[in-house]
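Enquirer: Sequence and computational prediction follow.
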Amino acid sequence: MSPVFLPRLKGALYAVTAANNEKVRHLESNPRVSWIFQSKSLDKIATIPVRFRRYRRLLFHERLG
């Protein structure tokens, strides 16, 4: 899974993966997850609890960076 910010959907963080990825099945059975962020030096760590929501088909017409 890869975390991404989408320019047209500001203020949200998404995880992108293949639909047949085993992790998707895990998340569907237990949607309570957390994002964990850390500084390069590992002296600061933030954990944010969230709920998994699956978007089956997103089409991107913008260039991402």
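Expert: Great, that's in hand. Residues are numbered from 1 along each chain as shown.
Enquirer: where does the residue nearest the centre of the chain land in three-state SS?
Expert: With distances taken as CA atoms, centre = their mean, the residue of the chain nearest its centroid is A15 (2.5 Å). Three-state call for A15 (DSSP: H, G, I helix; E, B strand; the rest coil): strand.
Enquirer: And the helices in this protein?
Expert: 22-29 (DSSP state H).
Enquirer: contacting residues around the closest residue to I45 other than its chain neighbours?
Expert: With CB to CB, 6 or more residues apart in numbering as the criterion, I45 has its nearest non-adjacent residue at 4.7 Å, and that residue is Q38. No exception for glycine: its C-beta is placed from N, CA and C like everyone else's. Applying CB atoms under 8 Å, 6 or more residues apart in numbering, we find Q38 in contact with 44-46.
Enquirer: Pick the one among the residues you listed closest to P31.
Expert: A46 (20.5 Å; CB to CB).
Enquirer: Please look at that closest one and S39 and confirm they touch.
Expert: No. Taking CB atoms under 8 Å as the definition, A46 is not a contact partner of S39, at 9.2 Å.
Enquirer: Which positions are bridged to P49 in the beta structure?
Expert: Taking DSSP bridges as the rule, P49 bridges to S34.
Enquirer: just checking, it touches R32?
Expert: Yes. In this structure, P49 is within contact of R32 by CB under 8 Å, at 7.0 Å.
Enquirer: the strands in the protein, which residues?
Expert: 2-5, 13-16, 32-38, 45-51 (DSSP state E).
Enquirer: okay, the ones you listed, which one's buried deepest?
Expert: Highest mean neighbour count among these (mean count of other CB atoms under 10 Å): strand 13-16, with a mean of 13.
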